[in-house]
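Q: sequence plus predicted model, see below.
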Amino acid sequence: MCGRYNVIDDPFMQGLMQMLEIDASLPTQLNIAPTESIPVVWRDHSGNRLSYMRWWLVPAWAKTVDTRYAMFNARSENLKKSRVFSKPFRKQRAIVPASSFIEWQQVDAGKQAMLIEREQAALALAAIYEVTVIDGQALQSCAIVTRAAVPEMEALHSRMPVLLQPSQFKLWLDADTEIELDFQAFTAGLSEPLRATPISSQVNDSRNKSADVIQAVAEPETLH
DNA sequence: CCAGACGTTGTT
DNA sequence: GTCTGG
DNA sequence: CCAGACGTTGTT
DNA sequence: GTCTGG
């Protein structure tokens, strides 16, 4: 999973942007949902670049934008064989900077939203992007790559976004490098603990962009 | 060879 | 139940 | 991802 | 763009 996340303009995010060699800060965006426009770091011959892309990948051949298929995530296990994902996986890999992401944990009472974050750093989510000509206009769109949850997170949810370490940034963004399905980040354990905080159900409504959406409703738990 | 169709995730 | 919008 | 809307015919 | 069918 990874169907909702946050960007917060704080020192952790600024530090991540610096590591990504992007000379810009990202404005705070809370409760970002699929189909919204999100900041994405990708690489071309001139170096790393920042673009805003539609968070819902549009296939290269599509003539229109639609949401019939769930393309805001891309399973890492399927990147190579999928007709939609194979070219982006080979040549169009990207990083989505995130302060935290949201998981809904199934509990007896229903679903509890959990905010997942690192304690002392922002997150680099692995992504792929595509460029599609729609009505004569080039549209950039992207999907966040997912993987099986690490054991520490399984109780919360069975899937999670692929988290990249700074040492992997260059390799992942380099279009000339071939990445295989056994890429470390698809299967690695946690390099640092994650913190999971139960938050208000106000986050459920993607139209709610107020600070209330990251309000804790119980004590955080450290996953390690 | 060309024509024409094709795309997905997470959850139950 | 299924599709659309954010 | 979740929330919220969604339907039809025959007739004027 | 890439695969399948003829």
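A: Thanks, I have it. Residues are numbered from 1 along each chain as shown, chains lettered A, B, ... in the order given.
Q: all the strands of chain A, residue numbers only.
A: A:5-7, A:29-32, A:37-44, A:47-55, A:73-75, A:93-98, A:100-107, A:110-118, A:123-134, A:137-148, A:159-161, A:194-198, A:221-223 (DSSP state E).
Q: now tabulate the ones you listed in a markdown table and tack on mean pLDDT and mean neighbour count.
A: Where C-beta positions appear, they are placed from N, C-alpha and C, glycine not excepted. Formatted as a markdown table, the strands of chain A follow (pLDDT from 0 to 100; neighbours: other CB atoms under 10 Å):
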| stretch | mean pLDDT | mean neighbour count |
| --- | --- | --- |
| strand A:5-7 | 98 | 22 |
| strand A:29-32 | 98 | 20 |
| strand A:37-44 | 98 | 19 |
| strand A:47-55 | 98 | 17 |
| strand A:73-75 | 98 | 20 |
| strand A:93-98 | 98 | 25 |
| strand A:100-107 | 97 | 18 |
| strand A:110-118 | 97 | 19 |
| strand A:123-134 | 97 | 21 |
| strand A:137-148 | 97 | 20 |
| strand A:159-161 | 98 | 21 |
| strand A:194-198 | 98 | 19 |
| strand A:221-223 | 96 | 14 |
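Q: possible to save those strands as CSV with distance to DNA strand D?
A: As requested, these are exported to CSV (distance: least, CB to the nearest atom of the strand, whole Å):
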stretch, distance to DNA strand D
strand A:5-7, 10
strand A:29-32, 9
strand A:37-44, 13
strand A:47-55, 10
strand A:73-75, 8
strand A:93-98, 14
strand A:100-107, 4
strand A:110-118, 5
strand A:123-134, 14
strand A:137-148, 10
strand A:159-161, 9
strand A:194-198, 14
strand A:221-223, 19
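Q: and those: which comes nearest A:Asp182?
A: Judged by CB to CB, the one of those that comes nearest to A:Asp182 is strand A:137-148, at 11.8 Å.
Q: all set now, cheers.
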